[in-house]
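Colleague: Predicted model, plus sequence, below.
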Amino acid sequence: MWAQQWDGLIEELTPFPNKASFDVTDEMVKQNYTALKIFQTADHFFQSLGMIPMPPEFWNKSMLEKPTDGRDVVCHASAWDFYNGKDFRIKQCTVVNTQDLETAHHEMGHIQYYLQYASQPIPFRDGANPGFHEAVGDVMSLSVQTPEHMHTIGLLETLTDDSETDLNYLMSMALQKIAFIPFGFLIDQWRWKVFRGETTPDKYNEEWWNLRCRYQGVSPPVERTSADFDPGAKFHIPANVPYIRYFVSFVIQFQFHKALCNLTGHQGPLHRCDIYNNKEAGKKLSDMLKLGSSKPWTEAMYLLTGQYKMDAQPLMDYFKPLLDYLRVQNENDYGWHPNCPTFAPTPTPKPSTCNNNVNILRASTLLLTSFCFLIFL
């Protein structure tokens, strides 16, 4: 709906479509996964690191599925801390698929953070900065989504190790992680301009699409006017939730991942690292989480990574094989004209005469431009 992540296009953009898929939805259904089993799997991952198990109140009071009693609920996944040291909950209308398996780990990452800093005074029961809270769950997902981990927990039957399979996996991850970065950046650019009075109500929608064009290279599918309010379709805008935290988290999660992988003694590409079952990595992460916001975020960062600043290099290292591949495919032709069309009509469907490389070239335009954006961090 928002083009914030492009992983829904993976079937069209897989570099080598004849290679194995990493979507384990069918296998989850085959093995009779339920919403409860998805969260039990996530809890087991955290416990394998020696971290705190979910307390009884979590299992008794969380809403892990959409209610069937007719209640109207907000299905947007979220994690809740009731500040009594024992009541922590997740609200999620879980569907049995790969995406919600990853979301469960992300949301449980928030709960794990709550549990770790529960003994701090209430003013310090928060993330070192808002981006840290989002990154903790995602750093777990970087391990959970690896073919190695899916194979370990029995959701991927065959583990293939070759460069083409690696590129397919990295393309899938880039459509989630790299494609999101310009979107994660522009949301608060729009909000801040509104708060400063630079964008007036009659220009709300126009400025929204100006930013979408500038940073993402996308146009609305139908013509829009000042009577429309497309930003309001994004939950965080009407809910007044600052969004820059997600942009920050998509950078620092790779810093965290690299630091944790170094602790495990991982050898090989960063994107193949799975920290599952490593207590040393779990302890180091727990030590950082226990601080809550009692120390400046730079000190919390240093405790885990040995660095005081955000650094996009681990992200670049993670995606290096894909970046090299896209540079060859695209021949350094990337970017777009800053003045996008006012709308981009949906083309009439017709039989495709293009090969898969054409689709990859289109996707790589955004991905390469996003990589360049990161170089300046």
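Modeller: That came in fine, so what should we check first? None of these values were measured; they are calculated from a predicted model. Numbering: from 1, shown residues only.

Colleague: Just give me the neighbour total for Pro17.
Modeller: Counted with other CB atoms under 10 Å, the neighbours of Pro17 add up to 12. No exception for glycine: its C-beta is placed from N, CA and C like everyone else's.

Colleague: what does the one 4 residues further on give?
Modeller: Counted with other CB under 10 Å, the burial measure for Ser21 works out to 16 neighbours.

Colleague: Quickly note the distance from it to Pro338.
Modeller: Using CB to CB, to the nearest Å, Ser21 is found at 37 Å from Pro338.

Colleague: Please report how far Trp336 lies from Cys213.
Modeller: Distance from Trp336 to Cys213, by CB to CB: 8 Å.

Colleague: which residues do the two both contact?
Modeller: Common contact partners of Trp336 and Cys213 (CB atoms under 8 Å, 6 or more residues apart in numbering): none.

Colleague: quick one: which of these two has more around it?
Modeller: Higher neighbour count among Trp336 and Cys213: Cys213, with 20 against 14, using other CB under 10 Å.

Colleague: what sits against the residue lying closest to the more buried one once chain neighbours are set aside?
Modeller: Nearest non-adjacent residue to Cys213, counting by CB to CB, 6 or more residues apart in numbering: Cys340, 3.5 Å away. Cys340 sits next to Trp209, Arg212, Cys213, Gly217, Val218, Ser219 when contact means CB under 8 Å, 6+ apart.

Colleague: same question, Gly282
Modeller: Phe46, Ser48, Leu49, Gly50, Met51, Ile275.

Colleague: Next, count neighbours for the residue lying closest to it once chain neighbours are set aside.
Modeller: Spatial nearest neighbour of Gly282, chain neighbours left out: Leu49 (2.7 Å); criterion: CB to CB, 6+ apart. Other residues near Leu49 number 22, with proximity taken as other CB under 10 Å.

Colleague: pretty sure Leu49 contacts Ile275?
Modeller: Yes - taking contacts as CB atoms under 8 Å, Leu49 lies within contact range of Ile275: 6.8 Å.

Colleague: what residues are shared contacts of those two?
Modeller: Shared contacts of Leu49 and Ile275, counting by CB under 8 Å, 6+ apart, come down to Ala281, Gly282.

Colleague: I'd like to know how far the residue nearest to Gly282 sits from Val139.
Modeller: Counting by CB to CB - Leu49 and Val139 are separated by 11 Å.

Colleague: Pull up the overlap in contacts between these two.
Modeller: Shared contacts of Leu49 and Val139 (CB under 8 Å, 6+ apart): Leu285.

Colleague: Dihedrals phi and psi, the residue nearest to Cys213?
Modeller: Here is the backbone geometry of Cys340 (degrees, to the nearest 10): phi -70, psi 160.

Colleague: How much space separates it from Thr158?
Modeller: 43 Å.

Colleague: Count residues in the vicinity of Asn339, would you?
Modeller: Asn339 has 9 neighbours, counted by other CB under 10 Å.

Colleague: Contact partners for the nearest residue to it once chain neighbours are set aside?
Modeller: Closest residue to Asn339 apart from its sequence neighbours, by CB to CB, 6+ apart: Cys213 at 7.3 Å. Going by CB under 8 Å, 6+ apart, Cys213 touches Ser219, Trp336, Pro338, Asn339, Cys340.

Colleague: for the fourth one, helix, strand, or coil?
Modeller: When the structure is split into helix, strand and coil by DSSP: H, G, I helix; E, B strand; the rest coil, Asn339 lands in coil.

Colleague: Can you check the pLDDT for it?
Modeller: Looking at Asn339, its pLDDT reads 74.

Colleague: Would you list the phi and psi of it?
Modeller: The phi/psi pair for Asn339 (degrees, to the nearest 10) is phi -100, psi 90.

Colleague: Number of residues surrounding the nearest residue in space to Thr264 that is not next to it in sequence?
Modeller: Nearest non-adjacent residue to Thr264, counting by CB to CB, 6+ apart: Asn278, 4.6 Å away. Number of residues near Asn278 (other CB under 10 Å) recorded here: 20.

Colleague: for Asn278, phi and psi?
Modeller: phi -100, psi 110.

Colleague: try Ile178
Modeller: The phi/psi pair for Ile178 (degrees, to the nearest 10) is phi -80, psi -40.

Colleague: Roughly how far does Phe183 sit from Asn210?
Modeller: Taking CB to CB, one finds Phe183 at 14 Å from Asn210.

Colleague: Same question for Glu223.
Modeller: 15 Å.

Colleague: of those two, who's got more company?
Modeller: A count of neighbours by other CB under 10 Å puts Asn210 above the other of Glu223 and Asn210, at 17 against 10.

Colleague: ok, now how distant is the more buried one from Tyr276?
Modeller: 44 Å.

Colleague: and if you look at Leu291?
Modeller: 24 Å.

Colleague: do the same with Ala20
Modeller: Between Ala20 and Tyr276 the computed distance is 21 Å (CB to CB).

Colleague: Also Phe247?
Modeller: Distance of Phe247 to Tyr276, computed by CB to CB: 27 Å.

Colleague: check which helix or strand covers Tyr204.
Modeller: Secondary-structure element containing Tyr204, defined by DSSP states H and E: helix 204-211.

Colleague: make that Trp80, sorry
Modeller: Secondary structure (DSSP H and E) places Trp80 in strand 78-81.

Colleague: just checking, next helix/strand downstream of that strand?
Modeller: Following strand 78-81 in sequence order, the next helix or strand is strand 88-91 (DSSP H and E).
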